[in-house]
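*Asks:* Provided below for reference: sequence and predicted model.
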Amino acid sequence: MSSFGARSGAATGYMMKMPPLADKRAAAEALCSTCAGPIYSQGLNTFKIPMAMFEVNRAKVVQAMLEQDPSAKGLILLEGGKQTTRYDTDHEPVFRQESYFHYLFGASQYSDCFGTLSLPDGEATLFVPSYGVEVETVCGPPPDFEYVKDELGLENVHDVVDLKAFVEREMKRLDDTVDESSSNDDLGNEEKKGGGEQTGSKLYLLKGLNTDSGNFATPAFFEGIDKFSDVRDEESLFRSISECRVFKSSAEIDVMRYTNWVSSMAHVEVMRQCKPGMMEYQLESLFQHHTYTHGGCRHMSYTCICACGPSANILHYGHAGRPNSRLLEQGMIALLDMGAEYNCYASDITCSFPVSGTFTDDQKHIYNAVLAAQAKVIAMLKPGVSWLEMHREAEREILKGLVGCGVLDDCGKDLDEIIETMLDADVGAIFMPHGLGHFIGIDTHDVGGYPQGKPARSERPGVRKLRTARQVEEGMVITVEPGCYFIDPLIDSALSDERQKHFLTERVNDFRGFGGVRLEDDVRITSDGCENLTLCPRAIEEVLDVMSGGAWPPATDVLPEMKRKWATCKEGKMEFLDM
């Protein structure tokens with residue numbers, strides 16, 4: 001017998017019944033609503049996450065698998081993130097859990113783990129490594145399995161060395177299990193074993209294409225897994241779990257509301273501190289300090305983009321070769337795209353503001369065009385709306401703003417008519433060469449953008465950069481991030497393009513070196529509209545007031561059309577504010 005012991009009733013091929021899946025999910029949702037049971041928190045005033053949230057996630061995935069195949073049974077097997085080292089050294093970067101694994105098990109702090117879910121009952125088992133005395137001397141004692149079980153709210157926790165024996169035993173047990181639904185309750189065990197349809201159990205592994213990165217999720221591997229090559233299923237799990245991640249539970253929304261609150265307040269602090277003579281990396285440092293000190297956010301959701309002046313025309317500035325190293329000068333616009341992560345749940349927020357605390361007339365024109373685009377999209381978002389059409393609406397507002405400040409020529413025609421002509425010529429992609437936004441959740445660019453059976457990626461300039469072309473649905477969380485940039489190669493190309501050059505005026509040359517403006521909020525789709533989770537200053541008067549030391553949140557919401565739902569964190573819970 002393995003060290004983890006045998007199940008009760010294993011001798012007859014039966015197990016003690018788990019609660020029905022629907023009951024487990026309902027019980028978990030009840031725990032989430034009151035934040036009862038085991039919780040995750042970084043202490044002090046950081047947000048308290050009920051670990052039952054991950055029980056809801058597990059139930060969703062098992063239910064989705066059974067909807068694909070009502071007779072499905074077997075084991076879902078995932079491999080967690082590994083603690084790596086930097087190149088050939090023994091330096092260990094800060095561990096971050098693999099996203100699919102975290103979605104099911106919530107084990108953000110445990111590396112080199114495996115996890116299983118049984119089908120159809122959804123019983124969860126986590127396998128964590130134990131170490132010898134040499135490792136213990138450096139890293140401390142291995143986790144106590146009972147402690148981890150209670151900490152994460154799981155049914156079982158075992159040593160990772162027991163994984164192979166566990167999988168072998170469970171697959172055999174599930175093969176021996178009878179479909180009792182077709183058996184008469186009065187029959188004895190022997191008669192039951194002869195009744196019902198016998199179907200082989202499968203080992204469900206995660207493999208599939210991430211349409212943002214082009215990389216594939218890697219199936220779990222352990223020595224001896226080849227024994228199950230005939231019953232491997234590498235398709236069903238990816239379809240189910242990716243789609244489940246698209247639709248956030250109420251508990252997940254609460255976590256994302258917290259990450260947005262922490263990050264929004266950090267953006268405000270950076271605005272207050274920003275001034276000419278600073279370096280871009282100092283703005284990054286201020287943001288990271290605030291989110292970790294006041295929010296318990298050890299990780300950023302992505303590499304911080306602190307692009308000031310001409311830097312802002314590089315969409316993913318801040319990465320290798322562009323390390324947030326420009327000196328801030330009078331008259332520059334700062335475009336800061338930064339978001340913190342809490343317990344692996346992301347935020348993604350961009351603010352744009354004048355380094356000196358005062359907008360020039362040209363900066364006002366461009367800023368207000370981008371703000372109008374963002375407000376227009378947020379006003380229109382509701383279930384059933386096409387995300388591709390939302391991108392087009394954003395382009396329309398930005399093009400109108402560019403006509404208004406003389407960068408584009410209306411050719412003496414009706415404004416709405418000429419804007420449509422510009423869209424047909426892909427003029428919008430000159431000034432907004434990225435997609436309007438993306439799903440966000442455990443990953444910044446979250447999964448589910450282009451699954452089979454949903455709209456395919458467009459080939460047209462601008463819209464081909466969209467990370468999804470789906471219709472939005474209730475429960476999705478998506479970023480709304482219109483932008484307007486003056487990128488020399490794109491301007492030069494347009495000036496030589498027969499379809500586009502007659503729309504551009506000499507005035508466009510006044511904006512070379514301007515950089516760009518982007519505004520980005522994280523928006524939840526509700527049953528009849530949307531809720532903006534991000535709480536940053538957006539109106540010009542809000543931005544300037546904050547930069548001059550004004551209070552935030554404000555006493556009055558001057559932009560109710562942005563649908564910001566004002567909240568703050570108190571004693572580990574998010575509380576809504578009356579404005």
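*Replies:* Nice, I can see it.

*Asks:* Look up how far E243 lies from Y485.
*Replies:* Distance, Y485 to E243, using CB to CB, to the nearest Å: 33 Å. Every residue, glycine included, has its C-beta placed from N, CA and C.

*Asks:* Give me the more crowded residue out of those two.
*Replies:* For Y485 versus E243, neighbours defined as other CB atoms under 10 Å are more numerous around Y485 (23 against 17).

*Asks:* From P310, how far off is that one?
*Replies:* Y485 is 11 Å from P310, by CB to CB.

*Asks:* before we move on, what about Q97?
*Replies:* Q97 is 38 Å from P310, by CB to CB.

*Asks:* who touches both of Y485 and P310?
*Replies:* Counting by CB atoms under 8 Å, 6 or more residues apart in numbering, the shared contacts of Y485 and P310 are G515.

*Asks:* Torsion angles phi and psi at the nearest residue to P129 once chain neighbours are set aside?
*Replies:* Closest residue to P129 apart from its sequence neighbours, by CB to CB, 6 or more residues apart in numbering: V160 at 4.6 Å. Note on V160: its backbone torsions stand at phi -60, psi -20 [degrees, to the nearest 10].

*Asks:* Point to the residue nearest the middle of the protein.
*Replies:* Central residue of the chain (CA atoms, centre = their mean): G441, 2.3 Å from the mean position.

*Asks:* so that residue makes contact with I253?
*Replies:* No. Look at G441 against I253 with CB atoms under 8 Å: they stay out of range, at 10.0 Å.

*Asks:* mind checking pLDDT for P19?
*Replies:* P19 is assigned a predicted lDDT (pLDDT) of 76.

*Asks:* Okay, the closest residue in space to it that isn't next to it in sequence and E123: tell me how far apart.
*Replies:* Setting aside the residues directly before and after it, P19 is nearest to A27 in space (CB to CB, 6+ apart), at 7.4 Å. Using CB to CB, one obtains 14 Å as the distance from A27 to E123.

*Asks:* out of those two, which sits in the more crowded spot?
*Replies:* More crowded of A27 and E123, by other CB under 10 Å: E123, with 20 against 16.

*Asks:* The more buried one contacts F166, doesn't it?
*Replies:* No. Look at E123 against F166 with CB under 8 Å: they stay out of range, at 11.7 Å.

*Asks:* okay, and the common contacts of those two?
*Replies:* By CB under 8 Å, 6+ apart, no residue touches both E123 and F166.

*Asks:* all helices of the stretch 301-450 of the chain, in order?
*Replies:* Using DSSP state H, counting those that start in this stretch, the helices of the stretch 301-450 of the chain run over residues 361-380, 387-404, 415-424, 428-431.

*Asks:* Reformat these as a markdown table; add mean neighbour count.
*Replies:* Below are these laid out as a markdown table (neighbours: other CB atoms under 10 Å):
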| stretch | mean neighbour count |
| --- | --- |
| helix 361-380 | 20 |
| helix 387-404 | 22 |
| helix 415-424 | 16 |
| helix 428-431 | 25 |
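
*Asks:* right, and the helix or strand after the lowest-mean-pLDDT helix or strand in the chain?
*Replies:* When the helices and strands of the chain are compared on mean pLDDT, DSSP states H and E, helix 189-194 comes out lowest with a mean of 37. Next helix or strand after helix 189-194 toward the C-terminus (DSSP states H and E): strand 202-205.

*Asks:* Each with direction, which strands does that following strand pair with?
*Replies:* Partners of strand 202-205 in the sheet, by DSSP bridges, are strand 74-79 (parallel), strand 232-233 (parallel).

*Asks:* any idea which of the ones you listed is most buried?
*Replies:* strand 74-79 (a mean of 24; mean count of other CB atoms under 10 Å).

*Asks:* Quick check: what element follows that one along the chain?
*Replies:* With secondary structure assigned by DSSP H and E, strand 74-79 is succeeded by helix 99-105.

*Asks:* List the contacts of that next one.
*Replies:* So helix 99-105 is contacted by 54, 57-58, 61, 78-81, 107-108, 113, 115, 117, 124, 126, 152, 154, 206, 217, 241, 244-245, 344, 442-443, 447 (CB under 8 Å, 6+ apart).

*Asks:* chain center to it, what's the gap?
*Replies:* Remark: helix 99-105 is offset 12 Å from the chain centroid, using CA atoms, centre = their mean, to the nearest Å.

*Asks:* now stretch 64-71
*Replies:* Centroid separation for stretch 64-71 versus its chain: 26 Å, with CA atoms, centre = their mean.

*Asks:* Show me the contact partners of that stretch.
*Replies:* For stretch 64-71, using CB under 8 Å, 6+ apart, the contacting residues are 21, 72, 76, 119-120, 179, 197, 199, 204, 236-237, 239-241, 243-244.

*Asks:* could you say what helices and strands the helix or strand where Q288 lies packs with?
*Replies:* Using DSSP H and E, the secondary-structure element containing Q288 is helix 280-295. Helix 280-295 sits against helix 250-273, strand 305-308, strand 333-338, strand 340-341, with contacts defined as 3 or more CB pairs under 8 Å, 6 or more residues apart in numbering; DSSP states H and E.

*Asks:* out of these, which comes closest to G384?
*Replies:* Checking those against G384 by CB to CB gives helix 250-273 as the closest, at 20.0 Å.

*Asks:* Can you mark which positions in the closest one are buried?
*Replies:* By neighbour count with 16 or more other CB atoms under 10 Å, helix 250-273 contains the buried residues 251-272.

*Asks:* One more: stretch 169-177?
*Replies:* R169, E170, M171, R173, L174, T177.

*Asks:* what would those look like in a markdown table with secondary structure, pLDDT and distance to M390?
*Replies:* Below are those laid out as a markdown table (DSSP: H, G, I helix; E, B strand; the rest coil; pLDDT from 0 to 100; distance: CB to CB, whole Å):
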| residue | secondary structure | pLDDT | distance to M390 |
| --- | --- | --- | --- |
| R169 | helix | 95 | 51 |
| E170 | helix | 94 | 46 |
| M171 | helix | 94 | 46 |
| R173 | helix | 89 | 49 |
| L174 | helix | 87 | 45 |
| T177 | coil | 71 | 48 |
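
*Asks:* got TSV for these, with distance to E329 too?
*Replies:* TSV is the format used below for those (distance: CB to CB, whole Å):
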residue	distance to E329
R169	67
E170	64
M171	65
R173	69
L174	66
T177	71
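
*Asks:* Closest to G318 out of those?
*Replies:* E170 (46.1 Å).
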